[in-house]
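> return atomic coordinates for the entry below.
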Amino acid sequence: VGNKAFAEWLIEADHTGPLVLGEGEELEATGRHVQLAGVTVADFRDGKIRSYRTYFDDISLIEQLV
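Presented below is the predicted three-dimensional model:
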């Protein structure tokens, strides 16, 4: 769309190792199958990527694990 490209994506994985949450916090492996959906937006100038941003809901991922 104009000078922007959009890509929706879905990652699926099994939680088989610790997930580092920050500040020394970890969520031990649960073995659960999880999904994380998101979108990446790229801005172009002169046919080259000028910048890109990725959006996803990390809280939804954590909610699937607890």
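> may I have the phi/psi pair for Thr30?
Dihedral angles of Thr30 (phi, psi; degrees, to the nearest 10) stand at phi -110, psi -20.
> contact partners for it?
Contacts for Thr30 (C-beta atoms under 8 Å, 6 or more residues apart in numbering) come out as His15, Leu65. In short, each C-beta sits where N, CA and C put it, glycine included.
> repeat that for His33.
Counting by C-beta under 8 Å, 6+ apart, His33 has contacts Glu12, Ala13, Asp14, His15.
> just the pLDDT at it, thanks.
His33 carries a pLDDT value of 97.
> likewise for Ala7?
pLDDT at Ala7 comes out at 97.
> does it count as helix, strand or coil?
Here Ala7 is strand, with the state taken from DSSP: H, G, I helix; E, B strand; the rest coil.
> my read: it touches Tyr52, true?
No - at 9.5 Å, Ala7 does not count as touching Tyr52 under the criterion of C-beta atoms under 8 Å.
> give me the common contacts of those two.
Residues touching both Ala7 and Tyr52 (C-beta under 8 Å, 6+ apart): Thr40, Ala42.
> of the contacts of His33 - the most surrounded one?
The most crowded member of these, judged by other C-beta atoms under 10 Å, is His15 (17 neighbours).
> so it makes contact with Gln35?
No - using C-beta under 8 Å, His15 is not in contact with Gln35, being 11.3 Å away.
> by mean pLDDT, which helix or strand of this structure comes out lowest?
strand 19-22 (a mean of 86; mean pLDDT, DSSP states H and E).
> now the strands: where do they sit in the protein?
4-14, 19-22, 25-27, 33-45, 48-56 (DSSP state E).
> so of these, which one's packed in deepest?
Ranked by mean neighbour count under mean count of other C-beta atoms under 10 Å, those are led by strand 33-45, which reaches a mean of 13.
> ok and that strand relative to strand 48-56, angle-wise?
Strand 33-45 runs at 150 degrees relative to strand 48-56, counting by axes from the mean of the first three to the mean of the last three C-alpha atoms, to 10 degrees.
> parallel or antiparallel, list what pairs with strand 33-45.
In the sheet, strand 33-45 lines up against strand 4-14 (antiparallel), strand 48-56 (antiparallel) (DSSP bridges).
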